[in-house]
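Chemist: quick one, what's the 3D model for this:
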Amino acid sequence: MTPRFSSPDASKGLWKMRCLLLLALLAGIERAEAGERNHTYAVYSKVPLYVNKVGPYHNPQETYPYFALPFCKPQFSLAGKLKNTAGLGEVLDGHELRDS
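Modeler: Next comes the predicted model:
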């Protein structure tokens, strides 16, 4: 069986060509992220804030919904407000994020 490349220079040239192709492909890939976590806001624009639950520091099992406490009542009606869509980790931890 004869080798594919008879000279070491030919295999080096192929290796260089593969590296250049890989670099060209990686340079063409742009990473785009859009969401609430990395969004930049203009001056006086609305910034979404979420509330969770409140409870005593020394007893983390005793928690209350944020708006159930008398000093956390909103000044406006939350009838039209929706809950924030939670990820699996937030659901498993028992978080219930709501618009403030």
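Chemist: my guess is residue 63 contacts residue 93. True?
Modeler: No: in this structure residue 63 lies outside contact range of residue 93 using Cβ atoms under 8 Å: 11.2 Å. For every residue, glycine as well, the C-beta is placed using N, CA and C.
Chemist: the more surrounded of those two?
Modeler: When residue 63 and residue 93 are compared for neighbours, residue 63 comes out ahead with 16 against 10, by other Cβ atoms under 10 Å.
Chemist: around residue 99, how many other residues sit close by?
Modeler: 14.
Chemist: of all the residues in the strand or helix carrying residue 13, which ones are buried?
Modeler: Using DSSP states H and E, residue 13 sits in helix 8-28. For helix 8-28, a neighbour-count test (16 or more other Cβ atoms under 10 Å) marks nothing as buried.
Chemist: just want the most central residue of the chain.
Modeler: residue 37 (6.2 Å; Cα atoms, centre = their mean).
Chemist: quick one: that one and residue 87, what's the gap?
Modeler: 12 Å (Cβ to Cβ, to the nearest Å).
Chemist: and stretch 42-54, which residues are buried?
Modeler: Of the residues in stretch 42-54, 51, 52 count as buried by neighbour count, 16+ other Cβ under 10 Å.
Chemist: do stretch 65-77 as well
Modeler: So for stretch 65-77, counting by 16+ other Cβ under 10 Å, buried means residue 66.
Chemist: pLDDT of that stretch, averaged?
Modeler: For stretch 65-77, mean pLDDT rounds to 76.
Chemist: how far off centre is it?
Modeler: When distances are taken as Cα atoms, centre = their mean, to the nearest Å, stretch 65-77 is centred 28 Å away from the chain's centroid.
Chemist: equivalent analysis for stretch 30-48, please.
Modeler: Centroid displacement of stretch 30-48 relative to its chain, using Cα atoms, centre = their mean, is 12 Å.
Chemist: what mean pLDDT does that stretch get?
Modeler: Stretch 30-48 comes out at a mean pLDDT of 77.
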